[in-house]
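J.: sequence unknown, structure follows:
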């Protein structure tokens, strides 16, 4: 129990399901009893008007019924209630009730009762005004300095201030720059109205300024006033709040402290009457309502401030004097003088909790019981301490960045693909080239372990696959309930997808309100996109997969296709794809090899993937754990580059179409402007064939747009085919070198960085950047290359390249590095051990020449710390040796072709890579043989080797411009001559 708690003096619950707001509460002697005691008037949005008069005699026996004077059901919702002198020729107080479309003024009269039931109260309508606009709030006061009665001002939802003097309508004015209505208050000291606009600034309008402004029937008329000679309404002063205001109050109980109080969403403002700031209080909570009241200290203002933490705070200017706990969040608070008690705090909640309270304390009578003294068991304490320390260590151990998932998920999703195709196909395209298009049904079962209010299930498949329905909205589900949905998947295009897997995504909110997403994956059968056919003998592309187990019957692992095939031996199987390509699988009778062949390179991907997966499943069922599969043939880079070139050409065409469309659009608009000028001219002039030029340009724009759309459709197909080719290349690389799943994932992310092309970023530039990073980091041959790659700044902005030569060169180099034992890893220092020379680069004077870098086809920019130690003048002896070695190294091109299977045009850069390591080995042998004899000249030789590197690059460029082909016989002779001087030196 809190010590500072609002003491409950009288409370009531008003109705059921009713709503209240800050304008629904007011206090005053509404029945003009003359006793000085206030009555409490409460109105609700349901149209219920209640009047209460709580006193000490009615607290115990009668309760709420005795304290309630009147309860009337009105026809319209009650927005605001106020008590004032609203009837002319009368000094009595009346009740003004604001409805959305009506303003009503009532008199409340009481009649003394002659029996035990007590007094009787009646509500009598004095007058009412039907409003033409929907009302938002109102204020009252002695407008224009008139004494003796009060006038009313109503603000409408569209920003019009409507003024009423008793039973007559005076005038209306639109507020400038209005968007949404804000709080409204009247300042009797300056005879002005205060409101907060949508620009989040406090604005003051004098009544005189409002009265002399030109009247307008609508907002459009008020905007046109300066053109017609009227006077536009402008505020007399403004003050920028920077936030939306909840309420405005103008205390009028003391003339010495003239203040305007504004309650914002995060701050409390106090201003002078002229708009100058007096003070501002930053609030540490979300306020809900406030009320300034008279202070016992001159020059200060006391305030009651309610917040959303169920607290009622008492401030004296900016100083917190008291805090009391309330049982609800108050939306309106007032101070009333009730019988037997003055200064009662009246608060009202949004759902009808009504409380009359006063400030006080609740002393606590709880006393701490005595604890029996007993001796401590130190062994038990030590065991408990160790247990707690173990829990602390486990809790503070941060191995993963993401938090661990809960033991029991709120939702579980299971997808089941039907084992047989649909009897009646659900495909939108019934046949492709005479072949029927099948469909397959997928059942999705959703089971909940907690209460879910709303969940959305989405299905995503790879293009051109499609589903009958891709969005499902699940109804609210209880604990343990199950929901099943079904859809059909089918091929919806003239080409093959790059993947037959689909994703199921369920987005929902947990019982605590946290949004969550659950994903599940399913695989569609290969029979969805192909049919069994007769094997093809002559094909363009072939891929051979080796295994370490005896050959198996293909009909045993492809049962759904073996029933319809003509081959009964199980040594061959053919797949006829719906897009037109045919893929044949042949099993060797004597060896352990399987050949996949087709006229389309990219269409072999799905069959090769399915074959490898079914091999793994078949041998795992047999219990064979040492099953291995490999690929020994040359890498089909030349075939892969055909897909790359096709995709790149379509991207170039798309860019050309875009440029042509821009030019024709500019021309079209220019002709339109010329024609418009001719048509507007008062003196007709000949068109000079501008109309024909306009028609021709329009036809060109339409033709270009149609061609661009057709090219974009072809580009989407080309990208899917490129993805299939890339998947096949990655699979063959992993089989060739026996890559682990992590290394295969890195390679796939490098060669397929995008799932779809965009006009801003395409596959070529993204793949080139990723491959270049691998060549400079984990696949680099020297530690110096890694050090310089880490020191380099970010590269240029990615864009469409001029051609694909650079990309193909990097991909060929990537395959060559992997074939030579390069290890794919995210760590940059995985392949080589960084020597002390690189680690001490920053040490002045301690840097030695670094071995030559075998580049990735590009020259790297060396940091200044490395280049300043490289000599420029090589020795004559090094020049002669280098010339001999370059001549002898040329015929190694044929060997590179045989080992890596790299295309001929891409071998030029690979050839450079093979030259440099062999030369380094020979030089290292020479240096090692000379070290015992000449230890003092060691540093000189290192400097000469570094100078030799720069000279070699220059001579290489000159060498490539000349003849590059040297016969094998001549190279052998040069090698024999080369051995003699080396032997002499040794």
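T.: Right, received. Where do you want to start? Source: prediction; values computed, not measured. Numbering: from 1, shown residues only.
J.: What residues of the host helix or strand of residue 320 count as buried?
T.: Per DSSP states H and E, residue 320 falls inside strand 319-325. By neighbour count on 16 or more other CB atoms under 10 Å, the buried set for strand 319-325 is 323, 324. All C-beta spots, glycine's among them, are computed from the backbone N, C-alpha and C.
J.: Could you check how far the helix or strand just after it is from the centre of its chain?
T.: Sequence-wise, the next helix or strand downstream of strand 319-325 (DSSP H and E) is strand 330-338. The chain centroid and the centroid of strand 330-338 are separated by 46 Å, computed with CA atoms, centre = their mean, to the nearest Å.
J.: same deal with stretch 422-431?
T.: Chain-centre distance of stretch 422-431: 37 Å, with CA atoms, centre = their mean.
J.: Quick check: mean pLDDT of that stretch?
T.: Per-residue pLDDT over stretch 422-431 has a mean of 87.
J.: returning to what we had before: what residues does the strand holding residue 320 touch?
T.: 2, 4-6, 302, 310-315, 357, 359 (CB atoms under 8 Å, 6 or more residues apart in numbering).
J.: what about 6 Å?
T.: Defining contact as CB atoms under 6 Å, 6 or more residues apart in numbering, one finds that strand 319-325 is touched by 2, 4, 5, 6, 311, 312, 313, 314, 359.
J.: would JSON lines of these with distance to residue 351, neighbour count and secondary structure be doable?
T.: Below are the contacts of strand 319-325 laid out as JSON lines (distance: CB to CB, whole Å; neighbours: other CB atoms under 10 Å; DSSP: H, G, I helix; E, B strand; the rest coil):
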{"residue": "2", "distance to residue 351": "22", "neighbour count": "12", "secondary structure": "coil"}
{"residue": "4", "distance to residue 351": "24", "neighbour count": "14", "secondary structure": "strand"}
{"residue": "5", "distance to residue 351": "21", "neighbour count": "18", "secondary structure": "strand"}
{"residue": "6", "distance to residue 351": "18", "neighbour count": "24", "secondary structure": "coil"}
{"residue": "311", "distance to residue 351": "18", "neighbour count": "19", "secondary structure": "strand"}
{"residue": "312", "distance to residue 351": "17", "neighbour count": "24", "secondary structure": "strand"}
{"residue": "313", "distance to residue 351": "22", "neighbour count": "19", "secondary structure": "strand"}
{"residue": "314", "distance to residue 351": "25", "neighbour count": "17", "secondary structure": "strand"}
{"residue": "359", "distance to residue 351": "24", "neighbour count": "16", "secondary structure": "coil"}
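J.: so which of those residues comes closest to residue 767?
T.: residue 311 (60.8 Å; CB to CB).
J.: Follow the chain on from the longest helix belonging to the chain and name the next helix or strand.
T.: Taking DSSP state H as the criterion, the chain has its longest helix at helix 690-737. Remark: after helix 690-737, the chain's next helix or strand is helix 741-751, criterion DSSP H and E.
J.: Going by neighbour count, which residues in that next one are buried?
T.: 743, 744, 746, 747, 748, 750, 751.
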